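Engineer: here's a sequence, model it:
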Amino acid sequence: MFVMELTYTAPIEAIEEELDAHVAWLDRHYAAGVFLASGRKVPREGGVILAGGVSRAEVERIAEEDPFAAAGLCTYRITEFIATKTSADLSAVRETLGA
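Structural biologist: Prediction:
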């Protein structure tokens, strides 16, 4: 599983101009089953996305395709982790540690 943390590098007005395209991008990846949760940081300086079911290379490609990133409005920090404990609602993405 991955934590995709984005940090805005442009004024919020520029972010707002690309917001509809960003939401459409989010919707595509939710529909594909890759994105599990997402939302704005508080204060509003970026966002966080939980993603799973894909490789690191794939999640990096997905991040590059974010309209915010493509327009140079944000940077991504991607952290991979093994979700060994989850709520019942996320049991489908629970993982086990390798030997």
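Engineer: which SS state does residue 19 fall under?
Structural biologist: Secondary structure assignment for residue 19 (DSSP: H, G, I helix; E, B strand; the rest coil): helix.
Engineer: count the neighbours of it for me.
Structural biologist: For residue 19, the neighbour count with other C-beta atoms under 10 Å is 13. Yep, even glycine has a C-beta here, placed from its N, CA and C like the rest.
Engineer: just the strands in the protein please.
Structural biologist: 2-8, 35-40, 46-51, 74-80 (DSSP state E).
Engineer: per-residue confidence averaged over the second one?
Structural biologist: Translated: strand 35-40. The average pLDDT within strand 35-40 is 96.
Engineer: okay, now the sheet partners of that strand, with direction.
Structural biologist: strand 46-51 (antiparallel) (DSSP bridges).
Engineer: so which bits of the partner strand are buried?
Structural biologist: Within strand 46-51, the residues that qualify as buried are 46, 47, 49, 50, 51, counting by 16 or more other C-beta atoms under 10 Å.
Engineer: pipe these into JSON lines and attach pLDDT per row.
Structural biologist: Formatted as JSON lines, the buried residues of strand 46-51 follow (pLDDT from 0 to 100):
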{"residue": "46", "pLDDT": "98"}
{"residue": "47", "pLDDT": "98"}
{"residue": "49", "pLDDT": "98"}
{"residue": "50", "pLDDT": "97"}
{"residue": "51", "pLDDT": "97"}
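Engineer: turn these into TSV, including distance to residue 78.
Structural biologist: As requested, the buried residues of strand 46-51 are exported to TSV (distance: C-beta to C-beta, whole Å):
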residue	distance to residue 78
46	13
47	13
49	9
50	11
51	9
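Engineer: for the residues you listed, which one is nearest residue 36?
Structural biologist: Closest approach to residue 36 among these (C-beta to C-beta): residue 50, at 4.4 Å.
Engineer: from residue 37, how far off is that closest one?
Structural biologist: Distance of residue 50 to residue 37, given as C-beta to C-beta, to the nearest Å: 5 Å.
Engineer: anything in contact with each of these two?
Structural biologist: Overlap of the contact sets of residue 50 and residue 37 (by C-beta atoms under 8 Å, 6 or more residues apart in numbering) is empty.
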